[in-house]
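**Q** Predicted model and sequence below, questions to follow.
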Amino acid sequence: MNKIQTLIAFVALAASGAIFAQTPAGSPATPRIDARAANQQKRIDQGVASGSLTQTEAARLQARQGRMAAAEAKFKSDGVVTGKESAKLTHMENKNSRRIYKQKHDRQTAAPKA
């Protein structure tokens, strides 16, 4: 009987730990947005390495990525990213993605990085 009570207490303690192990309220999670930003950064880096992006093009694209990161930080600052804010970030990501594609596929090229 004592083993059963100990087991129940252990399970209750473990469950309460899982409840409190969620993302803190001060920093709302935006995993999809973060993953897209990382993917876009990878595309820019790949474009520089292959020579399909010039340094000027890459700098402009990096600046846009920075502005998007600043907007995301601003939206997170109040503790929650609303649906409207998330939609704005998605719109910014879509525009950045199109710009990356256009810049990588235009006629301007640079020497590939080794």
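**A** Received it, and whenever you're ready, just let me know what you need. Everything numeric in this text was worked out from a predicted model, so none of it was measured.

**Q** shaky segments in this protein?
**A** Along the chain, segments meeting pLDDT under 70 span 1-27, 114.

**Q** In the protein, which residue is most central in space?
**A** Asp34 (1.0 Å; Cα atoms, centre = their mean).

**Q** Alpha carbons only: can I get the helix or strand hosting it in PDB?
**A** Under the criterion of DSSP states H and E, Asp34 resides in helix 31-50. Taking C-alpha atoms only, helix 31-50 is exported to PDB below (Å, rounded to 0.1, in the frame of the first residue of the first chain):
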ATOM      1  CA  PRO A  31       8.800  28.400 -33.900                       C
ATOM      2  CA  ARG A  32       7.400  28.600 -37.400                       C
ATOM      3  CA  ILE A  33       8.600  32.100 -37.800                       C
ATOM      4  CA  ASP A  34      12.000  31.400 -36.300                       C
ATOM      5  CA  ALA A  35      12.400  28.300 -38.600                       C
ATOM      6  CA  ARG A  36      11.500  30.400 -41.700                       C
ATOM      7  CA  ALA A  37      14.000  33.100 -40.700                       C
ATOM      8  CA  ALA A  38      16.700  30.500 -40.300                       C
ATOM      9  CA  ASN A  39      15.900  29.000 -43.700                       C
ATOM     10  CA  GLN A  40      16.000  32.300 -45.400                       C
ATOM     11  CA  GLN A  41      19.300  33.100 -43.700                       C
ATOM     12  CA  LYS A  42      20.600  29.800 -45.000                       C
ATOM     13  CA  ARG A  43      19.400  30.700 -48.500                       C
ATOM     14  CA  ILE A  44      21.300  34.000 -48.400                       C
ATOM     15  CA  ASP A  45      24.400  32.300 -47.200                       C
ATOM     16  CA  GLN A  46      24.200  29.700 -49.900                       C
ATOM     17  CA  GLY A  47      23.700  32.400 -52.500                       C
ATOM     18  CA  VAL A  48      26.800  34.200 -51.400                       C
ATOM     19  CA  ALA A  49      28.800  30.900 -51.400                       C
ATOM     20  CA  SER A  50      27.600  30.000 -54.900                       C
END
